[in-house]
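Engineer: fold the stuff below for me.
(one chain, ligands or ions: 1)
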Amino acid sequence: MCLDIDDTLLDNAASSRLGLRALIGNDAAWPVWRHTTEEHYERYVAGELDFATMCRERTRAFFAAFGERLSDAEAAAREDRRMAAMQAAWCLFDDAVPCLDWLRAAGLQLAVITNAPSAYQRKKISRTGLAGVFDSLVISGELGIAKPDPRIFHAACESLGAAPHEVVHVGDRLDTDALGAADAGLHGVWLNRGGTEHTPPDGVSMITSLAELPELLVCELPFAPGIPGQNVAAPTPADRSQPDIGRPRLGALSG
Ligand SMILES: [Mg+2]
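Structural biologist: Predicted coordinates:
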């Protein structure tokens, strides 16, 4: 079982908005920041910029969009302020821990597959209480390969000792995560948190919350070895209205 981190387990948009507030006093320009981030992060993932340079250049481009030109020193100072505020606000989605608890209790091996620099992402994992949750961390900054390259998915499968067809990958990006995983021979699950109306392509499943993942694994993906169809029940719709959504009930199924 593989999971993405940003905007899948961790509410990256919320912490980024708080970072933007630290930068300009409000988050009214969030659409501009997000667009600027998309452009610059793509260049980082493609290897055109290192992470620190990408962050600085993004901040410079954001202010340039409003007509303000920043010196190198000023761009760096503002980015440091934004980054500190954002990191202080890192937090998981409410459905992340119950889902991870269920997956662990079900005996599934867990890997992270994430496009980010090593130290930055390891700090994020540690600060949000996820250290020790995963059997392996597959981080693009360590491999020099990023999603949706099939090789990063295959590296994760290898780290779990499983063949691609035995592994499910869940992430918030249809293209990078779900389709990337499917193209690499895994089962791709698109976490469509926004509930965007979209029919997922063949070979890709869609959920709108991690609370739906246990039921998907048990009821719709029973072919995947290691998925707990025998001794761990998927939560029912009634369970999902309870605070302990998605928590396993060991032995609740008879057969
Ligand atoms: Mg993501």
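
Engineer: and N12, how far is that from the ion?
Structural biologist: 7 Å (C-beta to the ion, to the nearest Å). No exception for glycine: its C-beta is placed from N, CA and C like everyone else's.

Engineer: now for the residue lying closest to N12 once chain neighbours are set aside, how many residues are close by?
Structural biologist: Nearest residue to N12, sequence neighbours excluded (C-beta to C-beta, 6 or more residues apart in numbering): D6, at 4.2 Å. Other residues within reach of D6, judged by other C-beta atoms under 10 Å, total 20.

Engineer: what's the nearest residue to C91 if we skip its chain neighbours?
Structural biologist: Nearest residue to C91, sequence neighbours excluded (C-beta to C-beta, 6+ apart): D11, at 5.8 Å.

Engineer: residues in the stretch 151-255 of the chain within reach of the ion, list them.
Structural biologist: Proximity of the stretch 151-255 of the chain to the ion (C-beta under 5 Å from the ion) is limited to residues D172.

Engineer: which residue packs closest to the residue of the stretch 51-200 of the chain found nearest the ion, ignoring adjacent ones?
Structural biologist: Taking C-beta to the ion, the ion has its nearest neighbour within the stretch 51-200 of the chain at D172, 4.4 Å off. In this structure, D172 finds its nearest non-sequential neighbour in D7, 4.2 Å apart by C-beta to C-beta, 6+ apart.

Engineer: the one you found touches A13, doesn't it?
Structural biologist: Yes - using C-beta atoms under 8 Å, D7 is in contact with A13, at 6.3 Å.

Engineer: who touches both of those two?
Structural biologist: Here D7 and A13 share no contacting residue, scored by C-beta atoms under 8 Å, 6 or more residues apart in numbering.

Engineer: between these two, which one's more packed in?
Structural biologist: More crowded of D7 and A13, by other C-beta under 10 Å: D7, with 19 against 14.
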